[in-house]
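Participant: I'll drop the sequence and a predicted model, then ask my questions.
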Amino acid sequence: MRLTRFTDVALRVLMRLAVVENEDPPTTREVAATMEVPYSHAAKVVARLQHLGLVEARRGRGGGLTLTAGGRSASIGGLVRELEGPGDVVDCEGATPCPLRSACRLRGALRQAAEAYYATLDPITVAELVASPTGPLLIGISAGRPPSD
């Protein structure tokens, strides 16, 4: 399976916010620059994460983005399911429907494979993703320091 760019950016934003708890909260623009994604894309991602209750956004002086407790403990499998949305891995009913769709076993096998993929991610939380060595690397990137090897 391949994640959409939206889901990829969302996971990276959550990881970035998970390592900045003792710092001034970064703005969406700062997170976008750190994660090297366009601001407009990051803003859409942050809005969705805020809607899901994973991120809080405050405007004005002293504002910025913070990860909620629910965001820190969120299951990666659950997040990927939510952000990717429902649907099969293959589109059997698309503009040109597959002639095998009435007797095909591939669709079911791919659905099982996708569920196994999500099940592997289910026990992993955002907090676990930023354990060493990832967390220190994210902190270094956010501080403008080059990653150390």
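Facilitator: Looks like it came in fine.

Participant: which stretches in this protein count as helices?
Facilitator: 5-18, 28-35, 39-51, 69-72, 76-84, 106-121, 126-129, 134-142 (DSSP state H).

Participant: for residue 100, find the nearest of the ones you listed.
Facilitator: With Cβ to Cβ as the measure, helix 106-121 is the member of the helices of the chain nearest residue 100 (7.7 Å). Placement of C-beta: from N, CA and C, glycine included.

Participant: buried ones in that closest one?
Facilitator: The neighbour-count check on helix 106-121 (16 or more other Cβ atoms under 10 Å) flags 107, 110, 114, 118 as buried.

Participant: tell me the most buried of the helices of the chain?
Facilitator: helix 5-18 (a mean of 20; mean count of other Cβ atoms under 10 Å).

Participant: which helices and strands sit right next to that one?
Facilitator: If you count contacts as 3 or more Cβ pairs under 8 Å, 6 or more residues apart in numbering; DSSP states H and E, helix 5-18 packs onto helix 28-35, helix 39-51, strand 55-58, strand 64-67, helix 69-72, helix 76-84, helix 126-129, helix 134-142.

Participant: ok, residue 64 touching residue 21?
Facilitator: No - proximity of residue 64 to residue 21 does not meet the contact threshold set by Cβ atoms under 8 Å, at 11.8 Å.

Participant: neighbour-wise, which of these two wins?
Facilitator: residue 64 (19 against 10; other Cβ atoms under 10 Å).

Participant: how much space separates residue 122 from residue 111?
Facilitator: 16 Å (Cβ to Cβ, to the nearest Å).

Participant: now residue 129. Nearest residue, chain neighbours left out?
Facilitator: residue 15 (5.3 Å; Cβ to Cβ, 6 or more residues apart in numbering).

Participant: so who does residue 107 touch?
Facilitator: By Cβ atoms under 8 Å, 6 or more residues apart in numbering, the contact set of residue 107 is 88, 90, 92, 101.

Participant: identify the contacts common to residue 64 and residue 21.
Facilitator: Contacts common to residue 64 and residue 21, judged by Cβ under 8 Å, 6+ apart, are absent.

Participant: identify each buried residue in stretch 83-101, please.
Facilitator: 83-84.

Participant: hmm, who's touching it?
Facilitator: Against stretch 83-101 from outside (Cβ under 8 Å, 6+ apart): 1, 3-4, 6-7, 10, 48, 104, 106-107, 110-111, 113-114.
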